[in-house]
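Visitor: The following block contains a protein sequence and its predicted model.
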Amino acid sequence: MKRIWLAALALAPAVAALASSTGPQPGTTGVPKGGGFPAEPVCTACHTGFPLNSDGRGTLTLSGVPERYVPGQRYALTLELRHPDDDRRRWGFQVTAVSASKWTGAGEFVITDLPNTELIRGTVGGRSYVSHSYYGTGVGEAGGRRWTFDWIAPPAATGRVAFFAAGNASNLDGSKEGDRIYSPSPNPIAVTAPAKSGKRKKAP
């Protein structure tokens, strides 16, 4: 019995690392407190060893978000995480979109990059998340990684939409120690507003 217990202890770190490499838990993008919902953590809640944005050399960007969105329009987005150090050899991320006034989920994500990304339904505020999958972590790749997915814009009544994201530049040591996490949280990584209707008011 003692041998079995010791074996379980030895396997625990590997199981924890596998759970993260297959995709993080929903709600780790750093959305701040608002709308009656608590603040989300970022990946440093599990990946310890360095504080958030620890060295200033990692960059996390989200491109393709329009300045103004057209309701129902589908937009192709790209999230990219870069880090120049040779010891960064595995990559992960999570991103969500929320109403900037109500802090509830805004729009709909569509997975277009199987098997590298996956859609995760959250448990708070109707939020949904796109994150890396096990195959999308780029094991052994140096320099960084990018992921693509689509976003379908919500109704105009949603108002401004804020995207929040976090990225993990891992050292590929099989544990959650020594990984570097990057996020602009509590600020959004991108913001968009509904397009103007373009209708002119009738003259009195």
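Guide: Done, it's in.
Visitor: give me the number of residues near the nearest residue to residue 136 once chain neighbours are set aside?
Guide: Counting by C-beta to C-beta, 6 or more residues apart in numbering, residue 136 lies nearest to residue 116, which is 3.2 Å off, once chain neighbours are set aside. (Glycine included, C-beta is placed from N, CA and C.) The local packing of residue 116 (other C-beta atoms under 10 Å) involves 19 other residues.
Visitor: Over to the one 4 residues further on?
Guide: Look at residue 120: counted by other C-beta under 10 Å, it has 18 neighbours.
Visitor: likewise the one 10 residues further on?
Guide: Summarising burial for residue 130: neighbours were counted as other C-beta under 10 Å, giving 28.
Visitor: before we move on, back to that, looks like the residue nearest to residue 136 contacts residue 135 (just checking).
Guide: Yes - with contacts counted by C-beta atoms under 8 Å, residue 116 reaches residue 135, the gap being 5.7 Å.
Visitor: so who does the residue nearest to residue 136 touch?
Guide: 132, 133, 135, 136, 147 (C-beta atoms under 8 Å, 6 or more residues apart in numbering).
Visitor: So which of these is surrounded by the most neighbours?
Guide: Counting neighbours by other C-beta under 10 Å, the top entry in the contacts of residue 116 is residue 132, with 28 neighbours.
Visitor: residues in contact with the nearest residue to it once chain neighbours are set aside?
Guide: Counting by C-beta to C-beta, 6+ apart, residue 92 is the residue found nearest to residue 132 once chain neighbours are left out, at 4.5 Å. By C-beta under 8 Å, 6+ apart, residue 92 lies in contact with 20, 21, 24, 43, 131, 132, 136, 137, 167, 168, 170.
Visitor: From these, which shows the smallest pLDDT?
Guide: Ranked by pLDDT, those bottom out at residue 20, which scores 52.
Visitor: Show the backbone phi and psi for the closest residue to residue 51 other than its chain neighbours.
Guide: Spatial nearest neighbour of residue 51, excluding adjacent residues (C-beta to C-beta, 6+ apart): residue 44 at 6.8 Å. Backbone geometry at residue 44, expressed as degrees, to the nearest 10, gives phi -70, psi -10.
Visitor: measure residue 44 to residue 182 for me?
Guide: 10 Å (C-beta to C-beta, to the nearest Å).
Visitor: Residue 43 now?
Guide: 9 Å.
Visitor: Need the overlap of contacts for these two.
Guide: 166, 167, 168.
Visitor: List the buried residues in the host helix or strand of residue 165.
Guide: According to DSSP states H and E, residue 165 maps onto strand 161-170. By 16 or more other C-beta atoms under 10 Å, the buried positions in strand 161-170 come out as 161, 162, 163, 164, 165, 166, 167, 168, 169, 170.
Visitor: No more questions from me, cheers.
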